[in-house]
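J.: Test case, fold it:
(2 chains)
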Amino acid sequence: MEEIREHWTSRPTFIIAAIGSAVGLGNLWRFPYVAAQNGGGAFLIPYLIAILTTGIPLMILEYGVGQSMQGAAPKAFARLGRKFEWVGWFALMVSSIICIYYVAVMAWCWRYLWASLSIEWGPTHESIGEFFGQVIARSDKPLDVFAGINWSVLIGLAITWIMIYWIICRGVGRVGKVVLITVPLPVILIIVLIVRGLTLPGAAVGLNYYLAPSWQYLLKGQTWLAAYGQVFFSLSLGFGILTAYASYLPKDQDISNSAFITTFADSVTSYLAGFAVFSILGYFAVATNQDIVKAAGNGGPGLVFMVYPEAINSLPAALGPFTKSIFGIVFFVMLLSLGIDSAFSLVEAVVAGIHDKWPRVNRARIAAIICAVSFILGIIFITDAGLVWLDIVDHWCNNYGLVTVGLLECIIVGWLIKTSTLMDSINESAEIRVGMWWLLCIKFITPIVLCTLLALNVRTELMERYSGYDLWALLAGGWLMLLGAAVAAFFLTWAAREEAAQ
Amino acid sequence: MTTGAWIMLFVGAIITFGGFSTCLLVSVLHRKRNPRR
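T.: Below you'll find the predicted structure:
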C-alpha cells in the first residue's frame, strides 16, 4: 500500500518555498550585471519576453508533472513513462553537485560575515585582494586541491550543512516554517541597503549604468540569449526542485498562477537587487574617482568578496568603523539568507527523490547521509584550488547539465507523452488556464532556445579552453563529472526498479 | 540620471511589481468566486 504523501500546510507556504528556492545569490550577483551589460533598461524587454515564453511555461511543466504524478522528479517521470525515470535521477544528480559547491560559497559568506565584525579585510585595495587570496582563491593551479584546506572556512561549511539537515530532516512541515523567515528577510535587508545606497552621493551614476537604455542591443542575438539564459538559471528550472515541491501540493490546488507568482517574485527581487548593488557601486566609483564600468567589475563572487568590501571601506569616514561593520553584517546576512533556502531546496529535491523510491528507509537518515557525504565532498571547494574547481564544475553543471534536463523535459512532455492529459490536469484547478500559448512554448520555443544555448556553448568550448584552465582539469571537473552524473542516474534507475520488484 | 534611465526605472517597476501584484490579484479574485477551494 502506498504511503500517504505529506502536504504543504497551505498553498501560500508552497509558493513562498518555491520563491525561496528561485531567489538566490544569482539574483544579486548575476541579474544586475547581465542587465547592465546587455542594454541596461532595454534588457527588460527581452527579459520579459523570456519570462513569458520560457520561464513560466517550463515552471508550469515542472509543477504540473510533480503535482499530477505526486512524486519527486524520478518517481514523477517514471509515472509519465518507465523509460523517462533516468531524466529525473539525472536532474537530481546535477542538483546534488550544484548544492555541494553552492554551500561552499555560503561558507565563504560566513567567513566574510565574521570578517565584517572587525573589517578584517583591511583598508586598501591590495589588502582586500590579499584577504580574498587567503580565504578563497589561494591558487589558480587545479593540482593545488591537495595543497591545503582553509580551516576557517570549514567551520562555515559545517554550520551550513548542519542547518540544512535540521531544516529538511522532518520534511516540508519544517521547511514551510523556515521559509517564512528566510524568504522575506533578504528582501527587507535589500531594501535597507537600497535606502542606504540611494542616500549616498554618486548613487545616480550607478543607477544610470544599470538602467539607461541602449536600444541597439535589442538587435543583437547575444542580448536575447543572455535574457533567456538569465531566466532559465534564475528560476531553479531543471533541478527537480519545483517538481519535488509541487508533489507535496494537493491535486485540487492551482499551479499555473503559482508559477506566475513565483516567477514575478523572482523578477522583483532581481530588479531590487540591482538598485542595492549599483547605488553603492555608483558611490564607490565617484568616491574613488573611477569609471563605473571599471569599478563595478563583472559580478559573480568578485562583486561579493572583492568589490563590495571595497565599497564598504569607501563609506564616509564620519560613519566610523562600527557603522561599516554593521553595513558588512547586513550585506553578508542578506547573502546567507538568500542562499540558504536555495541550498536546502536542492537537498530536499534529492532526499524526496530517494525517499519516494525507498520509502522504507527513514527520511532523516537519508538526509543525514546526503548532508554528510556532501559536506565531505564540499571540502574540495575550500581547498587552495577550490575556486578553480568551483568555476569549472559550475560552468558545466549550469550550461550543460541543467540545460540538458530542461530540454529533455520539454521533449518528453511536448512530444513523447499525451500532453493534453497533463494540460487537463493543470487546468482542472487553474486560476490561469494554459492552452495554445503553453503548448507552443513547450513544444517549440523553449526547446529551440535551449538547443541554441547548448550549441553555442559547445562551439565556444571547441574554440577555446574555458578560462584557460588545464585541459585535464576541464575534462575531469567538466565532462567526466557530467558523465559520472549520467552513469549514477542509470545506476539509481536500475536500483530503484530492483527495489520496486522486491 | 538620464531621462531614459528614469523611464526604464518605471517600466521595470511596472513589469516586475505590476506582474507580481496582478497575479496575486487574480488569485484573490479567483478565490472569491470559488470559495470552496
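
J.: Quick check: what element follows the longest helix along chain A along the chain?
T.: Using DSSP state H to assign secondary structure, the helix with the most residues in chain A is helix A:320-357. Read in the C-terminal direction, the helix or strand following helix A:320-357 is helix A:363-378, with elements assigned using DSSP states H and E.

J.: Run through the neighbouring helices and strands of the helix or strand just after that next one.
T.: Next helix or strand after helix A:363-378 toward the C-terminus (DSSP H and E): helix A:386-396. Helices and strands touching helix A:386-396, as assessed by 3 or more C-beta pairs under 8 Å, 6 or more residues apart in numbering or on different chains; DSSP states H and E, comprise helix A:85-116, helix A:471-474, helix A:481-501. For the C-beta atoms, the positions are set from N, CA and C on the backbone; glycine is no exception.

J.: tell me which parts of the stretch 201-350 of chain A are close to chain B?
T.: Counting by C-beta under 8 Å from any C-beta of the partner chain, the residues of the stretch 201-350 of chain A lying close to chain B are A:204, A:207-208, A:210-213, A:252-254, A:257, A:260-261, A:263-265, A:267-268, A:270-271.

J.: Please, where are all the helices along chain B?
T.: Under the criterion DSSP H, helices of chain B are mapped to B:3-13, B:19-33.

J.: Going by neighbour count, which residues of the last one are buried?
T.: Under the neighbour-count criterion of 16 or more other C-beta atoms under 10 Å in any protein chain shown, helix B:19-33 has B:19, B:20, B:23, B:24, B:26, B:27, B:30 buried.

J.: which strands and helices sit next to it?
T.: Applying 3+ C-beta pairs under 8 Å, 6+ apart, we find helix B:19-33 packed against helix A:256-287.

J.: May I ask you to confirm that residue A:148 is in contact with residue A:385?
T.: No - under the contact definition of C-beta atoms under 8 Å, residue A:148 does not touch residue A:385, with a separation of 9.6 Å.

J.: Who has more neighbours out of the two?
T.: Between residue A:148 and residue A:385, residue A:385 has the larger neighbour count (other C-beta atoms under 10 Å in any protein chain shown), namely 22 against 13.

J.: For that one, which non-adjacent residue is spatially closest?
T.: Counting by C-beta to C-beta, 6 or more residues apart in numbering or on different chains, residue A:385 lies nearest to residue A:144, which is 4.0 Å off, once chain neighbours are set aside.

J.: need the helices of chain B in JSON lines with mean pLDDT, can you?
T.: Formatted as JSON lines, those follow (pLDDT from 0 to 100):
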{"stretch": "helix B:3-13", "mean pLDDT": "95"}
{"stretch": "helix B:19-33", "mean pLDDT": "94"}
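
J.: Which one of the residues in chain B is closest to chain A?
T.: Of all residues in chain B, residue B:8 sits closest to chain A, at 2.5 Å by C-beta to the nearest C-beta.

J.: How about that residue: what's its closest non-neighbour residue?
T.: For residue B:8, the closest residue by C-beta to C-beta, 6+ apart turns out to be residue A:41, at 2.5 Å.

J.: For the one you found, give me its contacts.
T.: By C-beta atoms under 8 Å, 6 or more residues apart in numbering or on different chains, residue A:41 lies in contact with A:35, A:210, A:211, A:212, A:213, B:4, B:5, B:7, B:8, B:9, B:11, B:12.
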